[in-house]
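# structure, please.
(2 chains)
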Amino acid sequence: MDFLRPAGWPEALAAKARHPAAVPLAGGTDVMVEINFDHRRPEHLLDLGRVAELHTWETDGDHVRLGAAVPYAHVIDRLAAPLPGLALAARTVGSPQIRNRGSVGGNLGAASPAGDSHPALLAAGADVEAASVRGTRLIPVEEFYTGVKRNALAPDELIRAVRIRRATGPQQFAKVGTRNAMVIAVCSFALALHPHDRTVRTGVGSAAPTPVRARTAEDFLTAALAQDGLWETARPLPPSVVREFGQLAAGACRPIDDVRGTAAYRRHAVAVLARRTLGWAWDAYRAGEGREALCA
Amino acid sequence: MTNDHRLRTGGRTRGGVGESAPRPDGTLKVTGEFAYASDLWHEDMLWGHTLRSPHAHARIRALDTTEALATPGVHAVMTYADLPAATHYGLEIEDTPVLADGVVRCHGEPVALVAADHPETARRAAARIRVAYEELPLVTDEATATAPGAPVLHPGRTDAHAAHVPHPNVVHRQPVVRGDVTAARARADVVVTGDYEVGMQDQAFLGPESGLAVPAADGGVDLYVATQWLHADLRQIAPVLGLPEDKIRMTLSGVGGAFGGREDLSMQAHACLLALRTGRPVKMVYNRFESFFGHVHRHPARLHYEHGATRDGDLLFVTARIVLDGGAYASSSPAVVGNAASLAVGPYEVDNVDVEALALYTNNPPCGAMRGFGAVQACFAYEAQMDKLADALGTDPVELRRRNAMSQGSVMPTGQVVDAPAPVAELLRRVKALPMPPERQWETAGGACDLRALPGGLSNTTHGEDVVRGVGYAVGIKNVGFSEGFDDYSTARVRLTAAGGEPVVTVHTAMAEVGQGGITVHTQIARTELGVERVVLHPADTRVGSAGSTSASRQTYVTGGAVKAACEAVREKALARGRARFGAAHPAWATAGLRLEDGKVVTDGGEVLALLADLLEDDEPVEAEVEWRHRPTEPFDLRTGQGFGHVQYSFAAHRAVVEVDTALGLVKVVELACAQDVGKALNPLAVTGQIQGGTAQGLGLAVMEEIVVDPATARVRNPSFTDYLIPTVLDTPAIPVDVLELADEHAPYGLRGAGEAPTLSSTPAIVAAIRRASGLALHRVPVRPEHLTGT
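I've put the predicted structure just below:
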């Protein structure tokens, strides 16, 4: 196994172009486990540790451009205001040691349906910035996941950053695991209220071959909020709306039975999480969070 | 003589029995400095690797090692055909192949060994061994094991149990019959029945199996290894190597936890075989994945119980049928059966009992020793039954237990009279009397929600919605020491010398320190018995006699007893030397009751007669070696289960307070209070640690720990810490511990083995609390969210 250590981003892209099968390595929290367990033995490991810009983030208008290797701990500590949903998700990742090393870019690269970032990215709205020696393109995150542990990257592409829409309203993330910390999701759910354009977006994790948006649930809730003028009045949500939203979210699942949980439980739990996160987010909205973003 | 200022400071020796002396390995382990067996290193060593079977039951049609042997860096490849002597080994029954003998009987069974100059080379070479398997029909449970025409996994058995088992796929069967159940059933006002199931728990020790074998010039081998019982390993390794035992010198290396999982051999014989074959030191370290195949697990069990009582709540009869899945090889299944059968009723007085316990041979992973050893499975079921009975009677579950609790003088279903304190009712009273933890601890002053206090923790699944509290109680009984007539002894060699004008004690035993704190206790015993503060522990090895196993809660009792007895012998010799040397100078030398204290010989009135250092200077060390035994036991009758089978009993009770998210089926254990009688706490802090550790292990079984075996393939589905979950600090609640010390006159210092009892009652107490919170019957552990949500 050859260990490639590019000194900067152009060299990294060149190395990836030369060795398209090379496995990029940032925090190593997924890749090293797979190597240690002998699940994969790539010919080349591409260490991105020396590419400084991957560890930085900047604000770009309505977006945060998050370097692919910015660790979760940093997202929790510094980005909870613009990216509250992602920060909540980051809190549930592994142990403190893992959160110091692991990153959203790594989560996207692995593209596991159980990755904790994905539902939060789907709910917030995000584009993956994919780069190669051929240039850079933006891939909407909902088009990024193409199958179980597969993504839309071309063989010569690396993830440079994720451009995530800054929150204009309350966001929530909840994840079910059979342990109260350090656990892989049995299923997870993210919800973002976007008062600036009066929309709602969601993300469902670990309940389908890829992370997915529960679009029917989103459309239903967006319509229900508009129809009753709830964005303006901020009145309590009718229980029937909350219940229906949960059912529609569960309907977005295409879960399997596996060692972590049954398909039936996953569907059930996603409905519960959808109801609860909507309740918490709406309570926060009613308390004033995001009301200023509402345009007349 | 009393003018010597050194003689004036009398008083007790510091750090003796009863004090919370600090453990010598504590700081090293916490700071990461402790050297574990996986840290062993030798110049020129090779790395051993094991090729394991991907199938649970298959015939090996062909095995080709040519390509593996041709791999550069490979020094040896060994298969069954290369074994020099004995081909099978085992703790109780020699049924386990050193390497697969043409048939594999479980997923992960060792098939071939490779030694190479780099672990990666060894791994790659192993992958180049070509094995042609022909899959065979699987035996996975009682029905498939005993069906007409079922594959017999070990044909031609000649072991001690072969003659009395009902089927060759039954390892051992033990009934316990007492009184007249039929007559009692006719008198019973209330009868409750239940079927229960216990999943396969793993010891989940953190230090994987590892060791280093170094070939010696005399044709023998030096083996450094993490194990639980050096001499049992030695007894099994020697025939495999075809060497006399004195050619194999074993030294204990740093052990990262055991809990029963290191009782059986793992890499010991393999590393020695490769070392002798190559003439080079060979190191073997399992990784986490392999470790799940490297040791036996706790027997999964199916249990059927029937309890009958009067309307006043007096237990009239109990019947039980306990089926343990022993997996592919016997390991310690027979002894586990003996425990499950003899302790099946729990710590209760019942005159009419009909119990049957048996262990199966199947193609599932082999199961054997784990903390609690057969008593854990039974306790989960009999405590569920006691709650069910209380419900049926409309009575308080703790009161029902206390009404039927055994006490000193009670008769076990085996006929054995409990001849030491058995404070079962008192333990229950104590846990029940403890103050309750406050409600709704997740609510903070600022109105925010402390997620860590809620089911789901930081995963943010509830802010209090659907969270219901439940409280449950349980109590258990565990035997201490090896039972059923086993010659269970320990050896200790103690030497008293002077160094630099100060007395020094050296204690040499073969006891495996696996984290239980035995080395601390040995130091404390030597200090107390010999009045010397400086105690040096010789590394544990086979240059001294056996110390027995570090299991069955027995080490403080038995090896501690041996150290105490050896110290007493040394004391007598030292006093004899003192009398000979100084007796003429002071008449008190002739009196009885002389003590060694704080480095001095003192009279029972406290008068100092001599410095120990003066006694020892310029003379031979005072030395004694003792082989010490607890009182003998006897086997259980094979038809009735009657017999004085156990050395000592140990009792613990738990109160569990849990909060359940009833919509998601997630559980937060809020508090897990334990009261336990330990006879005498030789080291109170260490005892508390044992109780808390055992309690946490019971929590794991209650709500998360299970090796999942696919019934269709008998393959393990979750051999990693990603999917075999053990409790984290956020899952482990406050564990208030109330220690009772009622001396057992048969035991050294009156002590009672403490390590296992808390593992028993923790699990059923938690499940009882979850039942209260959820209103569900819950007959299986671990309890999963699916069970709580009906999905």
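# make sure B:A204 is actually in contact with B:Y724.
Yes. In this structure, B:A204 is within contact of B:Y724 by Cβ atoms under 8 Å, at 6.8 Å. In short, each C-beta sits where N, CA and C put it, glycine included.
# any common contacting residues for those two?
B:E705 (Cβ atoms under 8 Å, 6 or more residues apart in numbering or on different chains).
# and residue 287, how many neighbours?
Chain wasn't specified; assuming chain A. 11 (other Cβ atoms under 10 Å in any protein chain shown).
# nope, chain B
B:N287: 17 neighbours (other Cβ under 10 Å).
# tell me the contacts of B:G199?
Neighbours of B:G199 in contact, by Cβ under 8 Å, 6+ apart: B:300, B:701, B:705-708, B:780-782.
# which of those are close to chain A?
Counting by Cβ under 8 Å from any Cβ of the partner chain, B:V708 from the contacts of B:G199 sit close to chain A.
# nearest to A:A208 among the contacts of B:G199?
Nearest to A:A208 among the contacts of B:G199 is B:V708, at 22.3 Å by Cβ to Cβ.
# return the residues in contact with that closest one.
Contacts of B:V708 by Cβ under 8 Å, 6+ apart are A:259, B:199-200, B:716-718, B:723.
# make JSON lines out of those and add secondary structure, pLDDT and distance to A:P6.
Shown next, in JSON lines, are the contacts of B:V708 (DSSP: H, G, I helix; E, B strand; the rest coil; pLDDT from 0 to 100; distance: Cβ to Cβ, whole Å):
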{"residue": "A:V259", "secondary structure": "coil", "pLDDT": "94", "distance to A:P6": "38"}
{"residue": "B:G199", "secondary structure": "coil", "pLDDT": "98", "distance to A:P6": "48"}
{"residue": "B:M200", "secondary structure": "strand", "pLDDT": "98", "distance to A:P6": "47"}
{"residue": "B:V716", "secondary structure": "strand", "pLDDT": "98", "distance to A:P6": "40"}
{"residue": "B:R717", "secondary structure": "coil", "pLDDT": "98", "distance to A:P6": "39"}
{"residue": "B:N718", "secondary structure": "coil", "pLDDT": "97", "distance to A:P6": "37"}
{"residue": "B:D723", "secondary structure": "coil", "pLDDT": "95", "distance to A:P6": "35"}
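# of all those residues, which comes closest to B:T528?
Closest to B:T528, out of all of the contacts of B:V708 and judged by Cβ to Cβ, is B:M200, at 42.1 Å.
# surely that closest one touches B:A714?
No. Applying Cβ under 8 Å, one finds B:M200 not in contact with B:A714, separated by 11.7 Å.
# can you get me a residue count around the closest residue to chain B within the stretch 51-200 of chain A?
Proximity of the stretch 51-200 of chain A to chain B (Cβ to the nearest Cβ) peaks at A:N180, 3.3 Å away. A count of nearby residues for A:N180, using other Cβ under 10 Å, gives 28.
# now the element after the host helix or strand of B:G700, going C-ward?
Here B:G700 sits within helix B:684-703, counting by DSSP states H and E. Reading on from helix B:684-703 to the C-terminus, the next helix or strand found by DSSP H and E is strand B:737-740.
# ok, and the helix or strand in chain A with the lowest average confidence?
Within chain A, no helix or strand scores below helix A:31-36, which has a mean of 90 by mean pLDDT, DSSP states H and E.
# quick one: B:V535 from A:E143, how far?
According to Cβ to Cβ, to the nearest Å, B:V535 stands 70 Å off from A:E143.
# so which of those two has more stuff around it?
The neighbour comparison of B:V535 against A:E143 (other Cβ under 10 Å) goes to B:V535, with 22 against 11.
# I figured that one was touching B:E502, is that so?
No. In this structure B:V535 lies outside contact range of B:E502 using Cβ under 8 Å: 11.7 Å.
# which parts of the stretch 401-550 of chain B sit against chain A?
Counting by Cβ under 8 Å from any Cβ, the stretch 401-550 of chain B sits next to chain A at B:452, B:455-463, B:465.
# hmm, 10 Å instead?
Residues of the stretch 401-550 of chain B lying close to chain A by Cβ under 10 Å from any Cβ of the partner chain are B:449, B:451-463, B:465-466.
# how about the strands of the stretch 1-150 of chain A, start to end?
Assigned by DSSP state E, counting those that start in this stretch, the strands in the stretch 1-150 of chain A fall at A:2-4, A:23-25, A:44-47, A:57-60, A:63-67, A:126-132, A:135-140, A:145-147, A:150-151.
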